[in-house]
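Visitor: compute the structure for the input listed below.
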Amino acid sequence: MWYFLIKQAALDIAQHRDLQQRSSLAEVELFNEPYQNWYVFSVERENYGEFMDHLDREGIAYDLTTDRPTREEMLAGMR
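Guide: So this is what the prediction gives:
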C-alpha cells in the first residue's frame, strides 16, 4: 500500500472527488490553526503508478510514503 499526502488547500472539490474514486481509501487529518489539514489517499501497489502520474499531470503536490504516518508524525513534519 502507498500513501499519498496532500494538503487540503491544494485541492478543489472536483479534484478531491476524483482522487477519492481513484484511491482505495481517502482520509482527512484535521489540525488546528496554524497547521494545515491533510488528505491521506491509500493506493494499492498495482495502482500506484497511475495515481502518481495523474497527480503529476494535474500539477498536484504530494508527499509519498509506504507507511501510513501517524498524526504525531504529520504534526512534527509541520513544525
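
Visitor: so what's Ala76 up against?
Guide: Counting by Cβ atoms under 8 Å, 6 or more residues apart in numbering, Ala76 makes contact with nothing. Yep, even glycine has a C-beta here, placed from its N, CA and C like the rest.

Visitor: how close does it get to Ile13?
Guide: 29 Å (Cβ to Cβ, to the nearest Å).

Visitor: then Met52?
Guide: 22 Å.

Visitor: please apply the same query to Pro69.
Guide: 25 Å.

Visitor: same deal with Tyr3?
Guide: From Tyr3 to Ile13 the distance is 22 Å (Cβ to Cβ).

Visitor: touching stretch 42-55 from outside, list them.
Guide: 1-4, 6, 19, 22-27, 41, 62, 64, 68.

Visitor: which one of the residues you listed is nearest Asp56?
Guide: Each of the contacts of stretch 42-55 was scored against Asp56 by Cβ to Cβ, and Tyr62 proved nearest at 9.0 Å.

Visitor: who are the neighbours in contact with the closest one?
Guide: Contacts of Tyr62 (Cβ under 8 Å, 6+ apart): Phe4, Leu5, Ile6, Leu55.

Visitor: just read off the phi/psi values of it.
Guide: phi -150, psi 160 (degrees, to the nearest 10).

Visitor: how far away is it from Glu33?
Guide: 23 Å.

Visitor: tell me how far the worst-scoring helix or strand of the chain on mean pLDDT lies from the chain's centre.
Guide: Lowest on mean pLDDT, DSSP states H and E among the helices and strands of the chain sits helix 71-78, with a mean of 89. Relative to the mean C-alpha coordinate of its chain, helix 71-78 is positioned 14 Å out (Cα atoms, centre = their mean, to the nearest Å).
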